[in-house]
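>>> would you be able to build a 3D model of this:
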Amino acid sequence: MALSTYLCARAHGIPITALPVFLVRALHHGSIVYNVKSGVRTPADLHGRRVGVRAYTVTTGVWNRGILQSEYGVNLDEVTWVINSDEHVAEYQAPPNVESAPFDRSLADLLRDGEIDAAIGVAPSVEAGFAPLIPDAREAGISWLRSTGVYPINHTLVVRNEHVAANPGLAAELFGLFKQAKECFLPTIDTAPALASEDARARDMHGVLGGDPLPFGVEANRASLETFIGFTVDQQIIPEAISPEAAFEPSTRELEG
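Residues are numbered from 1 along each chain as shown. Sure thing, here's the model as predicted:
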């Protein structure tokens with residue numbers, strides 16, 4: 001489950017619990033593009049503008065807004081966020097500067113037609129008139145990772161509370177199984193065929209960072225988790241900050257992998 005969806009669902013009392021097994025990660029500095037006809041050229045130009053994102057609570061959107069605010073000084077309240085899909089947690093109420101576009105219009109369509117000025121989650125290659133907002137985004141993302149220790153987490157493993165209650169050892173057992181699977185993958189990370197985009201991304205980050213590009217466990221991911229939880233509070237996705245430990249099933253909080 002997407003990490004922001006989980007935190008939002010948890011805040012609304014939905015009976016699910018996460019395990020600190022992080023299955024999808026990505027650098028996000030390259031995830032936001034603008035229409036070259038909009039007059040936008042830098043992150044500061046987003047003030048007073050309309051920026052599209054599939055839903056306000058999607059994890060890629062949370063990371064991008066947090067990066068724009070913390071690294072580039074963008075006041076998120078001075079941007080209108082335009083969504084074209086339902087939020088994953090039906091109980092969630094978005095801030096007042098979030099508007100809905102028709103759900104049958106893609107973000108690329110809205111951006112092409114000038115109904116939004118920039119968009120999160122649209123590839124710049126989709127249109128000749130789209131350009132990445134952050135230049136040299138890969139290098140910027142790697143620099144941010146190295147300076148902060150934050151390698152953005154997109155998805156975590158989630159279990160229904162009823163299953164954990166019925167089998168108290170389930171959470172730790174699942175953690176162990178995913179750890180074993182990763183231990184089979186890592187020795188071949190540079191030689192095995194990349195069967196999915198996640199394989200290629202893990203290989204790429206292994207080349208950048210060395211070691212394990214997919215660490216599991218709370219402690220190994222504390223900087224990423226604390227940063228993301230802070231972003232979700234700042235962006236009014238959850239009402240108050242929680243510790244990284246509080247987000248995860250108790251029997252897994254001390255596990256490493």
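
>>> confidence score at the residue sitting nearest the centre point of the chain?
Among the residues of the chain, the one closest to the centroid is Thr59, at 3.4 Å (CA atoms, centre = their mean). What the model reports as pLDDT for Thr59 is 98.

>>> that one and Ala2 touch, don't they?
Yes. At 4.4 Å, Thr59 counts as touching Ala2 under the criterion of CB atoms under 8 Å. Where you see a C-beta, it was placed from the backbone N, CA and C, and this is true even at glycine.

>>> all strands for the protein, in order.
16-25, 32-35, 50-53, 80-83, 98-100, 118-120, 130-132, 153-160 (DSSP state E).

>>> out of those strands, which gets nearest to Val74?
Ranking the strands of the chain by proximity to Val74 (CB to CB) places strand 50-53 first, at 9.7 Å.

>>> re earlier: could the strands of the chain be laid out in TSV, adding distance to Leu177?
Formatted as TSV, those follow (distance: least, CB to CB, whole Å):
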stretch	distance to Leu177
strand 16-25	9
strand 32-35	36
strand 50-53	34
strand 80-83	36
strand 98-100	39
strand 118-120	34
strand 130-132	38
strand 153-160	10
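
>>> reformat these as CSV; add mean pLDDT, mean neighbour count and distance to Arg10.
Listed next are the strands of the chain as CSV, based on pLDDT from 0 to 100; neighbours: other CB atoms under 10 Å; distance: least, CB to CB, whole Å:
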stretch, mean pLDDT, mean neighbour count, distance to Arg10
strand 16-25, 97, 21, 7
strand 32-35, 97, 26, 27
strand 50-53, 98, 26, 21
strand 80-83, 99, 21, 21
strand 98-100, 98, 15, 21
strand 118-120, 98, 26, 23
strand 130-132, 95, 17, 33
strand 153-160, 98, 19, 9
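
>>> and the ones you listed: which comes nearest Pro215?
strand 16-25 (7.6 Å).

>>> which strands or helices does the closest one pack on?
Applying 3 or more CB pairs under 8 Å, 6 or more residues apart in numbering; DSSP states H and E, we find strand 16-25 packed against helix 3-11, strand 153-160, helix 161-166, helix 170-185, helix 197-209.
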